[in-house]
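# Just a sequence and a predicted model for now, questions to come.
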Amino acid sequence: MKLLKYIFFLFLILIIGVSIYIATLDGNYNINKSRMIKAPVEVVFNEVNDFKNWENWGPWYELDSTITASFPDNTSGIGASYTWTGADGNGSMETLSIIPNKEIIQQIDFGTGTKPEVYWQFNVVNKNTEVTWGMKGKSGFMEKAYWLTQGGIKKNMTPMYERGLELLNNYITKEMEKHTIEIKGIVDYGGGYYLYQTTACKFSEIDKKTEEMFPLIMNYMKENNIQPAGKPFTITHKWDEENGTIMFSTCIPVSERIVTTGDVLTGFIKPQKMFKTLFTGNYKYLPDAWKTAFKNLYTENLKELPNAEPLEVYLVNQEDTPNPAKWVTEIYIPIE
């Protein structure tokens, strides 16, 4: 009987000792991981800012296939929230504050009594985005006891954030590569006046020249209070595949003929029949769209006009959205 009492008292002392040890443990934590994503900061921020998007890359879905998320009407911005149920329990999250393209602060509730802060930081680095995802808070007694048996909160949560950022990077990269080509066929192109600048360069210099020329035309229009009458476009005058050179004009449509001065000139496109192709996606895939356009033109037994000067109209461009998967370009080939 005495032996049982000793065992009981030893066990009690052990429990008290462990409890005291757990109670004296520092419950404060701040866990985070960072990753560089090759995407505009607006694209990355918008992806994270909407809770509905988290189903595309949340690492917990890999660990628990039973997780079911529920969403209210508001899933992005301040006050956005969502809840979930799964094999390991239920939870909820709410967005407390945001600084667009800079920071998101959220609060997560695992139903344990404490509500840690989840934070996101977005930094632009050479046109790419460095994303930091973290969580900080203070564990209660039961949480400290649980994490003590699991090897520590940092050991368990750090791989989760690391995997989540990897999945986020993979998803955004894949989405930004999406592109489509749609043949529209013969259309009546209305034509009209436009302001333009012309240059000749190597194929490799096209983007650089375009980025220089369009702002010059826009500044001229702003200085002279001239309003655009449509979306910017380019005209290809000469394309020399053998030597890798091109002569082209960057153009902005206007509603009437304008007498200009300096390097900005006025041009006119007459109404004519065109073969139209609609391309959606990153400009780096435009050569594929042009090949498809000409292939279909020839398949339909149509002929390009002699000395034709095709157009690219940037219907939705970089000024409208930073996401290249949403850029929309119209291709027009003059036909007989």
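Received, thanks. Numbering: from 1, shown residues only.

# Quick one: residues contacting residue 166.
residue 35 (Cβ atoms under 8 Å, 6 or more residues apart in numbering). Using the backbone N, CA and C atoms, a C-beta is placed for each residue, glycine as well.

# Can you classify residue 172 as helix, strand or coil?
Secondary structure, DSSP: H, G, I helix; E, B strand; the rest coil: residue 172 is helix.

# Nearest residue to it in space, please, no chain neighbours.
residue 39 (5.1 Å; Cβ to Cβ, 6 or more residues apart in numbering).

# now do residue 44
Residue nearest to residue 44 in three dimensions, not counting chain neighbours: residue 129, with 4.5 Å by Cβ to Cβ, 6+ apart.

# Beta-bridge partners for residue 253, please?
residue 194 (DSSP bridges).

# For residue 190, see how far away it is.
Residue 253 sits 10 Å away from residue 190, going by Cβ to Cβ, to the nearest Å.

# Just say helix, strand or coil for the residue nearest to residue 44.
Residue 129 - assigned by three-state DSSP - is strand.

# Spit out the contact partners of it.
Per Cβ under 8 Å, 6+ apart, neighbours of residue 129: 36-37, 39-41, 43-45, 122-123.

# thinking again about what came up before, residues near the residue nearest to residue 172, how many?
When neighbours are counted by other Cβ atoms under 10 Å, residue 39 registers 23.

# how would you label it: helix, strand or coil?
coil.

# Any figure for the gap between it and residue 134?
20 Å.

# between residue 253 and residue 190, which one's more packed in?
It is residue 253, of residue 253 and residue 190, that has more neighbours when counted by other Cβ under 10 Å, with 20 against 12.

# all helices for this protein, in order.
2-24, 41-49, 60-63, 141-149, 153-176, 206-223, 286-299 (DSSP state H).

# The fourth one - what's its average pLDDT?
For helix 141-149, the per-residue pLDDT values average out at 44.

# likewise the second one?
For helix 41-49, mean pLDDT rounds to 97.

# Return the list of helices and strands in contact with it.
Counting by 3 or more Cβ pairs under 8 Å, 6 or more residues apart in numbering; DSSP states H and E, the packing neighbours recorded for helix 41-49 are strand 103-109, strand 117-125, strand 128-138, helix 153-176.
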